[in-house]
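Student: What follows is a protein structure lacking sequence information:
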């Protein structure tokens with residue numbers, strides 16, 4: 001049921017959609033390919049490193065635990081970098097931030113590959129991760145720039161489906177490279193990937209920000225090199241909006257189910273079914289990634305259909321919260337049932353049947369939530385970018401819809417706070433399993449997911465009042481059609 005206020009037109013419609021027709025359909029698809037290619041890179045930078053930790057520790061004459069500090073540092077660098085690139089993209093433009101970020105990635109990757117000490121590794125790992133961390137928030141911003149409201153969910157679904165599938169295959173590739181090649185050569189390869197990305201962006205990626213909206217456009221006296229301070233932490237202030245904070249919290253509770261499934265995988269499914277080979281453990285993440293890859297475009301298309309349906313029902317009046325209605329199938333069915341069932345199956349169903357049912361649960365959770373692959377070190381990896389599929393795709397698209405002019409900043413701010421919450425929550429997963437068991441731990445996560453869906457319900461019902469209480473520059477139909 002929705003609020004009675006939804007019958008009152010809050011946002012008048014408009015037919016002025018020329019701003020989204022600046023690029024031909026084929027050019028839009030190429031732009032989506034480029035930002036997906038750029039978004040895939042930070043996934044590989046993060047996920048290929050973890051399987052290399054034993055080899056790196058051996059080469060640097062250190063321990064696994066000490067080398068794992070680079071993972072924690074990269075989490076911090078990702079959060080800082082996402083805020084920086086997103087904030088400056090609103091001033092200088094998306095294209096400029098891609099062009100500035102990739103050199104950091106290139107230099108950082110080469111520095112990691114040449115590291116001869118832990119201090120050197122920590123420094124260059126920070127530079128490397130900082131440089132590529134704009135891939136997801138900038139990509140979401142670009143799609144908000146070029147696709148109108150009723151097409152945006154599909155495009156974001158394709159973008160996140162393509163990029164996050166990298167998390168499913170990156171640990172396998174990283175482990176294979178570390179085992180049969182060299183972790184140093186792996187990072188040289190990432191540097192080469194960065195150069196290719198830089199070339200493609202320089203040659204064929206246009207500035208997508210709407211004309212006249214950038215901060216640099218408003219400066220009358222420009223120098224040849226104009227450097228302006230933009231506070232990257234200012235993006236966090238967007239979360240004072242009850243709407244944006246609510247969907248961030250809801251998405252965090254949903255994403256927690258992914259961590260509860262994947263963080264202790266070697267200790268749950270691995271131990272229960274006698275799997276000790278790391279390659280096979282890594283392969284268990286593929287169903288989750290496959291569900292992510294398939295679910296993202298489907299969820300995106302579904303959210304666009306929902307927006308069109310409700311807009312037609314109201315005779316052209318648009319409510320941003322309509323897109324959140326597409327989360328029901330994931331939030332109330334796929335996510336809580338998949339994680340709850342996995343806990344019970346792991347506890348009570350042994351043999352190949354139990355393993356196959358668990359893999360099915362991983363696939364279903366991947367479609368319902370998102371993919372965050374891992375290895376036995378994943379408890380130290382908190383990679384929290386904007387997530388997708390039947391819950392996160394509509395939420396991600398909603399963030400772009402409701403604050404289109406600052407969509408990259410909204411995405412980055414939500415991801416940063418989500419990282420902090422999940423970093424604390426994830427540390428409790430394995431202790432919880434040790435104390436109350438897999439089944440009860442998973443059931444608690446399922447209940448938290450349902451609470452998250454309840455928060456989304458409240459946002460749908462009272463979204464108009466919430467937006468009116470704190471206005472952070474929300475989109476209206478005239479600038480978001």
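Tutor: Perfect, thanks for sending it. All values reported here derive from a predicted model rather than from experimental measurement. Numbering: from 1, shown residues only.

Student: and residue 472, helix, strand or coil?
Tutor: coil (DSSP: H, G, I helix; E, B strand; the rest coil).

Student: any idea how far it lies from residue 143?
Tutor: Separation of residue 472 from residue 143 (C-beta to C-beta, to the nearest Å): 20 Å. Backbone N, C-alpha and C define where each C-beta goes, glycine included.

Student: do the same with residue 204
Tutor: Counting by C-beta to C-beta - residue 204 and residue 143 are separated by 17 Å.

Student: Pretty sure residue 425 sits against residue 255.
Tutor: No. Contact criterion C-beta atoms under 8 Å: residue 425 and residue 255 do not qualify, at 9.6 Å.

Student: higher neighbour count, those two?
Tutor: residue 255 (24 against 18; other C-beta atoms under 10 Å).

Student: That one reaches residue 418, doesn't it?
Tutor: Yes. Counting by C-beta under 8 Å, residue 418 is a contact partner of residue 255 at 7.0 Å.

Student: Between the two ends of stretch 231-238, how far is it?
Tutor: One end of stretch 231-238 to the other measures 13 Å (C-alpha to C-alpha, to the nearest Å).

Student: How many neighbouring residues does residue 151 have?
Tutor: By other C-beta under 10 Å, neighbour count at residue 151 equals 18.

Student: Residue 177 now?
Tutor: 20.

Student: One more: residue 237?
Tutor: Neighbours around residue 237, by other C-beta under 10 Å: 12.

Student: repeat for the one 5 residues further on
Tutor: A count of nearby residues for residue 242, using other C-beta under 10 Å, gives 18.

Student: and residue 264, helix, strand or coil?
Tutor: Once three-state DSSP is applied, residue 264 turns out coil.

Student: Let me know the distance separating it from residue 31.
Tutor: Residue 264 is 39 Å from residue 31, by C-beta to C-beta.

Student: now do residue 127
Tutor: 27 Å.

Student: Residue 206 now?
Tutor: Distance, residue 206 to residue 31, using C-beta to C-beta: 8 Å.

Student: Give the intersection of the neighbour lists for the two.
Tutor: With contacts taken as C-beta atoms under 8 Å, 6 or more residues apart in numbering, residue 206 and residue 31 have residue 23 as neighbours in common.

Student: ok, the two, which is more surrounded?
Tutor: Taking neighbours as other C-beta under 10 Å, residue 206 and residue 31 compare with residue 31 leading, 23 against 15.

Student: Surely that one touches residue 146?
Tutor: Yes. Residue 31 is in contact with residue 146 according to C-beta under 8 Å; the separation is 6.2 Å.

Student: list residues touching both of those two?
Tutor: 23, 208.

Student: got the contact list for stretch 408-423?
Tutor: 75, 78-79, 82-83, 85-87, 89-90, 94, 136-138, 140-141, 234-236, 238-239, 244, 247-248, 251-252, 255-256, 259, 382, 384-386, 396, 399-400, 402-403.

Student: So which bits of that stretch are buried?
Tutor: Residues 408-419, 421-423 are the ones in stretch 408-423 that count as buried (16 or more other C-beta atoms under 10 Å).

Student: give me phi/psi at residue 315?
Tutor: As for residue 315, its main-chain torsions (degrees, to the nearest 10) stand at phi 60, psi 50.

Student: ok, it to residue 248 distance?
Tutor: Distance, residue 315 to residue 248, using C-beta to C-beta: 32 Å.

Student: Who has more neighbours out of these two?
Tutor: For residue 315 versus residue 248, neighbours defined as other C-beta under 10 Å are more numerous around residue 248 (23 against 8).

Student: Now do the more buried one, the pLDDT please.
Tutor: Residue 248 carries a pLDDT value of 90.

Student: Hmm, residue 241 and it touching each other?
Tutor: No. Look at residue 248 against residue 241 with C-beta under 8 Å: they stay out of range, at 9.8 Å.

Student: between the buried residues of stretch 408-423, which is nearest residue 297?
Tutor: residue 411 (18.9 Å; C-beta to C-beta).

Student: do you know how far that closest one is from residue 304?
Tutor: The gap separating residue 411 from residue 304 is 19 Å, by C-beta to C-beta.

Student: and if you look at residue 41?
Tutor: Taking C-beta to C-beta, one finds residue 41 at 27 Å from residue 304.

Student: and what of residue 106?
Tutor: Distance from residue 106 to residue 304, by C-beta to C-beta: 37 Å.

Student: For residue 143, which non-adjacent residue is closest in space?
Tutor: Spatially, and ignoring its direct neighbours in sequence, residue 143 is nearest to residue 155 (4.8 Å; C-beta to C-beta, 6 or more residues apart in numbering).

Student: Low-confidence ranges, the stretch 101-250 of the chain, go.
Tutor: 164, 167-168, 171, 217-218, 220-226 (pLDDT under 70).

Student: tell me the helices in it, going along the chain?
Tutor: For the stretch 101-250 of the chain, applying DSSP state H, counting those that start in this stretch gives helices covering 118-132, 135-146, 149-164, 166-180, 183-204, 242-262.

Student: Adding distance to residue 335, write these out as CSV.
Tutor: As requested, these are arranged in CSV below (distance: least, C-beta to C-beta, whole Å):
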stretch, distance to residue 335
helix 118-132, 29
helix 135-146, 21
helix 149-164, 16
helix 166-180, 18
helix 183-204, 32
helix 242-262, 6
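
Student: which residue ranges form the strands in the stretch 251-400 of the chain?
Tutor: Listed from the start of the chain, the stretch 251-400 of the chain has no strands (DSSP state E, counting those that start in this stretch) to report.

Student: ok, residue 88 to residue 37 distance?
Tutor: Counting by C-beta to C-beta - residue 88 and residue 37 are separated by 21 Å.

Student: who has more neighbours, these two?
Tutor: residue 88 (22 against 18).

Student: what angle separates the longest helix anywhere in the chain from helix 242-262?
Tutor: When the chain is parsed with DSSP state H, its longest helix is helix 429-469. Between helix 429-469 and helix 242-262, the angle comes out at 160 degrees (axes from the mean of the first three to the mean of the last three C-alpha atoms, to 10 degrees).
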